[in-house]
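S.K.: Provided below for reference: sequence and predicted model.
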Amino acid sequence: MKKIMLIDGNSLMHRAFYALPPLMTSKGVHTNAVYGFVNMLMRIIKEEAPDYIAVAFDRKAPTFRHQEYTAYKANRVKMPEELAGQFDILKQILKAMNIRYVEKEGYEADDLLGSLSKKAEEEGFLTLIVTGDKDTLQLVSPKVHVMLTRKGISEMELYDIQKIKKRFGIKPEAVPDLKGLMGDASDNLPGIPGVGEKTALKLLQEYGTLENILENADALKGKLRENLLLYGEQAKSSKKLATIVRDVDLELDLEELAFSEPDYEKLARIFRELEFYSLLDRLPRQKEGNQQKTVSVCIADVGQLDKVIEEIKARKAVAIEFQTEGKSPAVRLKGIGLSASSDCSYFVPEEVLRENQNLKDKILSLLADREIAKVVHDGKRARVALAKEGIDFIYDFDTMLAAYLIDPSKARYDLESLIYENLGAELKGFEDAGKRASFLLPLKEVLSEKLKNQDMESLFKDVEMPLSIVLADMEMAGIRVDPEKLQRLSLEFGERLESLTDEIYRLAGLEFNINSPKQLGEVLFEKLSLPVIKKKKSGYSTDAEVLEKLKGTHPIIEKILEYRFLMKMKSTYADGLLSLVDRETFKIYSTFNQTITATGRISSTEPNLQNIPVKTEIGRKIRGVFVAENPDHVLLSGDYSQIELRVLAHISGDEGLIEAFVKGEDIHARTASEVFGIPKDRVTSQLRDRAKAVNFGIIYGISDYGLAQNLGITTGEAREYIESYFNRYPKVRDYIRETIKDAKIKGYVTTILNRRRYIPDINSKNYNLRSFAERVAVNTPIQGSAADIIKVAMVKIYNHFKEFKLKTKMLIQVHDELIFDVPKEELEVVKNIVKSDMETAVPLRVPLEVDFKVGKSWEEIS
DNA sequence: ATGAATGCCTA
DNA sequence: GTAGGCATTCATT
């Protein structure tokens, strides 16, 4: 017998939505209901193996029921946005699964199910209706069964006539009568007052139908009889509304509902987009797109390699995957994978590379051939590894960088993840480099299409790709340090720490671990009974802010602050850096990460050269250990003055802000004068500092709470400052409003060079999450555009150095400044290049100013 | 060994 | 109020 499965789309989507925890893609699309629905659908298709399937949806009111009864579902709250948006996604999936969905103006899903099941019954089908709505039980017959969801949507219960009889003691046809008697709060249907499920069922078991009960009402007694007589008509009306219509003409032949194979490729694409990785896993593998049947050929002799190189040269393109080990820049090349087309790839293992010098040379010259376009994953790392082989490795498409631009908020950009997310193929860790290389070309196609669609081709090709070369060379250059100086600092800090430790123990009256916030908290707030200022999740807060407030209450406080500071200097900086000095070159080599930050900045690790102390005199001594390469060289620093505020002036177009920069004014002093309404020559340094805090606050996506916190004023006062600021710089307020609005609509924000960041929480109902997202939306275009600008400058400068064959090396980038090692004789020309490239990197409506300093150590130029 | 919590350094 | 990296302690594996 033919089996047809009819599904109540609305009912199940609602169930899934409320039963499942919120689920969102990394880009902020809500997906929990779709996920639950599809999960259930796939399971039930597998279990029931229907020959025909249809999903029914409600079609926008008013339905005939509203015409009949104006209060129908009147107290039903509007469907939440987060759910409403999921229906279109589901419909796309149904299409990909080749499952028909039906809807008809003025009818609800269950009417369509009723009509289809009637038709199916007439044609001799066995029908299975899947829903979460108990009313649907009225459709049950010998050939129509209903599966009701239980506990959200995780379980199903099958109802046939016997089951209904057993459970309720009535026939399926009496279900509307039951509802007529009981009423239904959710549909706003009135029943008979005082009649609940128990009474209604008892009456129906005895009399069969609502009408029959009413006719025999006289036989009953008391309040029940009275209410039946009084409200009988109302109950009949509710029964009518609860009766599912079974003669809707859907103008379709049941044959059209025949269930064929899903389009697995399309389905996989949608699942990947929705980040439904567990569902993706359940799709049949061989049906999935881009599944590679690549044979990875191990190349062992030069003869084989020659043929491969011939093929690569003919195609003028190759994907290369490098097996490497070690932390950059100490990267060592192991195996190499090559792929010129997606159906075949080659693998050159480590041993062959090591033992067959002739073969290795051929490969290296292939890698050095600029006529061949190269697709790689993490080209910077490859460049560093190949530099040790004497190759100046240049590449044309880095899938890691492309994926980062497409979504810079992801946690990982490793090849396995990208292949899985974009191609749906699983790459086990043990796959050889040839196999991995074979996925690179198809991956590049998918990613470059996305870059093109998001208008980020230029940012990719002209900024990030060339920048990765620059960063590779910076990593390899390293920076010279004076290890003895570093050692002396460590000892100096250590000695002072020892005496501080003694004093702290003495003042506390006991010895304890000062480094443990837990133990310190106990000493301060229990032993010494100092006032508790702030609490943390697990106990007292002892951070610097708290300790500052406790100054004066006990002499131990200042000692602890100094201890903390020196401990930081010694462990993180003096000792930390010392352990990273290369014994051969006396240099420190950092890694500059290009795919870490969500805003587009680069980051630095092992060591982080972007947070070397500068604010205090003692801290600056750490900078003193970073020196020029040799006595004939100097360090040069060029740093942008107020780049983020200039970016703000540019993108907001605020006249006041622009004028300030065009006239070269002191921006914080001007803001003080504007915000506090005093002449510029009357601005005190204290007022200037407050204005500076307001300026920073604007960049960080200001909140009255945050500004108040920072300045130690009330939120009311902070609000006044902000209001006053906006009155003076009105287009800044407009910019903030527009940016947030834009983010709420589009789900992302962009920078000057069209870098993009998704802001998933921007429409969250959680105030804290939403507020944070709004600040991120405001800050990211500013911080990210500043990052764009300095990146462009770095590329320009690098190219000019190459062009003029200069020996000067770019060493460090600290977000708004660049540090170079310069042979003295190149100083003037380098200064000119750096100045002009930094100032003209990206033209803005305000000038970009760069300050320069020259010295023997980093301390001197800070 | 790993990870959360706490704290602090930078732009 | 934005963006990072890293050291230390302490509980869990």
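M.R.: Arrived safely, thanks for sending.
S.K.: starting at the chain centroid, how far to stretch A:182-202?
M.R.: Centroid separation between stretch A:182-202 and its chain, computed with C-alpha atoms, centre = their mean, to the nearest Å, is 48 Å.
S.K.: now swap in stretch A:241-248 and tell me
M.R.: In terms of C-alpha atoms, centre = their mean, the gap separating the centre of stretch A:241-248 from the centre of its chain is 46 Å.
S.K.: got the residues of the stretch 401-550 of chain A near DNA strand C?
M.R.: Within the stretch 401-550 of chain A, the positions near DNA strand C by C-beta under 7 Å from any atom of the strand are A:513, A:515-516, A:518-519. Glycine gets a C-beta too; all of them are placed from N, C-alpha and C.
S.K.: next, format these as TSV and append neighbour count, distance to DNA strand B and pLDDT.
M.R.: Formatted as TSV, those follow (neighbours: other C-beta atoms under 10 Å; distance: C-beta to the nearest atom of the strand, whole Å; pLDDT from 0 to 100):
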residue	neighbour count	distance to DNA strand B	pLDDT
A:Asn513	10	13	97
A:Asn515	11	9	97
A:Ser516	12	9	96
A:Lys518	13	8	96
A:Gln519	15	11	96
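S.K.: helices - which of those land there?
M.R.: In this view, those that belong to helices under DSSP state H are A:518-519.
S.K.: would you enumerate the residues in contact with the one residue in the stretch 251-400 of chain A that gets nearest to DNA strand B?
M.R.: Residue of the stretch 251-400 of chain A nearest DNA strand B, by C-beta to the nearest atom of the strand: A:Lys327 (15.0 Å). Contacts for A:Lys327 were tallied using C-beta atoms under 8 Å, 6 or more residues apart in numbering; they are A:591, A:606.
S.K.: make it 10 Å
M.R.: A:Lys327 is in contact with A:381, A:589, A:591, A:605-606, counting by C-beta atoms under 10 Å, 6 or more residues apart in numbering.
S.K.: strands - which of those residues land there?
M.R.: Counted as lying in strands by DSSP state E, out of those, are A:591, A:605.
S.K.: go through the residues of the stretch 401-550 of chain A next to DNA strand C and say which is closest to A:Asp432.
M.R.: Within those, proximity to A:Asp432 (C-beta to C-beta) peaks at A:Asn515, which comes in at 46.7 Å.
S.K.: phi, psi of that closest one?
M.R.: Here is the backbone geometry of A:Asn515 (degrees, to the nearest 10): phi -70, psi -10.
S.K.: related to what we said a few turns ago, over to the residue of the stretch 251-400 of chain A closest to DNA strand B. Which of the three states is it?
M.R.: With DSSP: H, G, I helix; E, B strand; the rest coil as the basis, the three-state label of A:Lys327 is coil.
S.K.: for the one 10 residues further on, same thing?
M.R.: The three-state label for A:Gly337, taken from three-state DSSP, comes out as strand.
S.K.: hang on, it packs against A:Cys344?
M.R.: No: the criterion here is C-beta atoms under 10 Å, and A:Gly337 misses it with A:Cys344 at 11.6 Å.
S.K.: mutual contacts of these two, please.
M.R.: By C-beta under 10 Å, 6+ apart, the residues touching both A:Gly337 and A:Cys344 are A:296, A:434, A:438.
S.K.: the residues you listed in helices, which ones?
M.R.: Counting by DSSP H, the shared contacts of A:Gly337 and A:Cys344 place A:434, A:438 in helices.
S.K.: right, I'll call it a day here.
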